[in-house]
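In: Sequence and predicted structure below; questions after.
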Amino acid sequence: MAKTLLKVTGLKVAYGGIQAVKGIDFEVHEGELVSLIGSNGAGKTTTMKAITGSLPINDGDIEYLGKSIRGQGPWDLVKQGLAMVPEGRGVFTRMTIIENLQMGAYIRNDKPEIQADIDKVFTIFPRLKERRDQLAGTLSGGEQQMLAMGRALMSRPKVLLMDEPSMGLAPIMVDKIFEVVRDVYAQGVTVLLVEQNASRALAIADRGYVMESGIITMSGDAKTMLHDPKVRAAYLGE
Ligand code: ATP
């Protein structure tokens, strides 16, 4: 069996008195694409933020490569290969595309290879190349999503966590984003994908987890889940 890269046990996260995540367990193995699906407010974003160290956790543990990363901040985690593409993209709007990509490589100092990786991002997203000197704030939502993904790839992650990359995008852009997620995975990056677009997220994944009101209610092989009548009724509008 593949190595466990990420292991979440008994995770609880609260905002003041509100328990958003109520004790969940899940794991992601090396080379997998795992999708965490569930409706609005289920606790998916909270879970992602807890893993990447941007929210404190109340109970439980998060292990990365067999060691607890509880309490570590995003900076430390990126250095160890755990990168996140946040919900709402979070690009630096007053910086150009090139500068955003360079920021993604802030943990590295191998200059020639950084340039080669920028070129690689431009091959994946030719639109970003065309606009390389434009301020990121002038890009469309879909282009900003591309930039956020490109920026995360610049850290050469082992694991990429993506929070709702398809949210609010036009259908053609959604196609492109899912295609790129699949390509990144095919190149050997392990992916944890949070999505409300359950059918697309399960269609490209190896395994899936369903989250509802702060707990995981279902898990298994992604294709099996995609055909499960309960999942179809609750999340695929059937
Ligand atoms: P979405 O698809 O909207 O991102 P989600 O599954 O990611 O949904 P979360 O954003 O993790 O869900 O929210 C889980 C619960 O925590 C919700 O009830 C939400 O209202 C609450 N919550 C989220 N952020 C905060 C906050 N900053 N302060 C208080 N409550 C919050």
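Out: Okay, I see it. Numbers count the residues shown, from 1 in each chain.
In: can you give me the strands in this structure?
Out: Using DSSP state E, the strands of the chain run over 4-15, 18-29, 33-37, 59-64, 67-68, 82-85, 159-163, 190-195, 207-212, 215-221.
In: and His227, which of those strands is closest to it?
Out: strand 215-221 (9.9 Å; CB to CB). For glycine as for every other residue, the C-beta is placed from the backbone atoms N, C-alpha and C.
In: which stretches of the chain aren't confidently modelled?
Out: Scanning the chain with the threshold set as pLDDT under 70 gives 237-238.
In: Of all the strands of the chain, which one comes closest to Ala136?
Out: Across the strands of the chain, closest to Ala136 is strand 82-85 (CB to CB), at 14.0 Å.
In: Other residues contacting that closest one?
Out: Strand 82-85 has contacts (CB atoms under 8 Å, 6 or more residues apart in numbering) with 6, 48, 51-52, 64, 69, 74, 77, 145, 148-149, 151-153, 155, 157-163, 165.
In: again, but for stretch 13-22
Out: Outside stretch 13-22, the residues touching it (CB under 8 Å, 6+ apart) are 11-12, 43, 46-47, 49-50, 55-58, 213-215.
In: which bits of this protein sit near the ligand?
Out: The chain comes close to the ligand at residues 15, 18, 20, 38, 40-46, 87, 196, as judged by CB under 6 Å from any ligand atom.
In: Can you list which of the residues you listed are found in helices?
Out: 44-46 (DSSP state H).
In: Which members of the residues you listed are classed as buried?
Out: 44-46 (16 or more other CB atoms under 10 Å).
In: quick one on the thing from earlier: who wins for neighbours among the residues of the chain next to the ligand?
Out: Gly38 (25 neighbours; other CB atoms under 10 Å).
In: Count residues in the vicinity of the nearest residue to that one once chain neighbours are set aside, would you?
Out: Leaving aside its chain neighbours, Gly38 sits nearest to Met211 (3.7 Å; criterion: CB to CB, 6 or more residues apart in numbering). Residues contacting Met211 under the criterion other CB under 10 Å number 23.
In: what does the one 3 residues further on give?
Out: With neighbours defined by other CB under 10 Å, the count for Gly214 comes to 22.
In: cool, and the one 3 residues further on?
Out: Number of residues near Thr217 (other CB under 10 Å) recorded here: 14.
In: Could you pull up the contacting residues of it?
Out: By CB under 8 Å, 6+ apart, the contact set of Thr217 is 210-211.
In: oh, and call the first residue 791 from now on, that's how I've got it
Out: Okay, using 791 as the starting number, the last item reads as Thr1007.
In: how close does it get to Lys802?
Out: 16 Å (CB to CB, to the nearest Å).
In: Identify the residue nearest the residue nearest the centre of the chain in space, chain neighbours excluded?
Out: Nearest to the geometric centre of the chain sits Met952, at 1.3 Å (CA atoms, centre = their mean). Spatial nearest neighbour of Met952, excluding adjacent residues (CB to CB, 6+ apart): Val875 at 4.5 Å.
In: Confirm for me that Thr837 is in contact with Gly813.
Out: No: the criterion here is CB atoms under 8 Å, and Thr837 misses it with Gly813 at 11.5 Å.
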